[in-house]
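S.K.: Dropping a prediction and its sequence here:
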Amino acid sequence: MSNISNLPPIQHSMPQQNAQNRQLTSEQQQLITDTLAQFDPDSMTETDALSIVEAFSEAGIQPSRALAETVAQSGFDARSIGELAGGQGANQGNRPPPPPPGQGTKPSLNLSDELLSELNEMLNNYYSNDLSDEDKASTLESIQQILQASAPQGGLINVKT
């Protein structure tokens, strides 16, 4: 099956700093140490983890190897803090929250390779100006039938005749 809504991924031309190579300033390292000193690594709660993640975020500290190492020196595990905070720390950056369950994917038009090829041929014929008005009407009706039959429940398209 081919999915007509498949598009190649968008490539960003902006250089991205490698998360593994981010260095912390001495002020950031001190903030991490001071923040973690307020908590017990053996009795960490979700609220504690959220407070830590928020403090780091407000200071512009992003997940990195340097952060993980500094956190470890204070007796904590950065990954555990991120997971306890609901994934807010590990590799989240400035991404929006995930969509609610059931809304993560949009319905798309699924066609077999054969139907996709047939549809492509019909569209090429329709726009070739080699067809009579009657043949164009018949071809358009066939195209509409394929699209209506292949549309997901709830409809992706509105085909008017």
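M.R.: That came in fine, so what should we check first? Bear in mind that the values here come from a model prediction, so they are computed numbers and not experimental data.
S.K.: Quick check: phi and psi on residue 111?
M.R.: Dihedral angles phi and psi of residue 111 (degrees, to the nearest 10) take the values phi -130, psi 140.
S.K.: I figured it was touching residue 119, is that so?
M.R.: Yes. Here residue 111 lies in contact with residue 119, judged by CB atoms under 8 Å, at a distance of 6.8 Å. (C-beta placed from N, C-alpha, C; glycine too.)
S.K.: helices and strands around the longest helix along the chain, which ones?
M.R.: When the chain is parsed with DSSP state H, its longest helix is helix 133-150. With contacts taken as 3 or more CB pairs under 8 Å, 6 or more residues apart in numbering; DSSP states H and E, helix 133-150 sits against strand 110-111, helix 113-126.
S.K.: Looking at the ones you listed, which one is packed in the most?
M.R.: When you average the neighbours per residue for each of the helices and strands packed on helix 133-150 (mean count of other CB atoms under 10 Å), strand 110-111 leads with a mean of 18.
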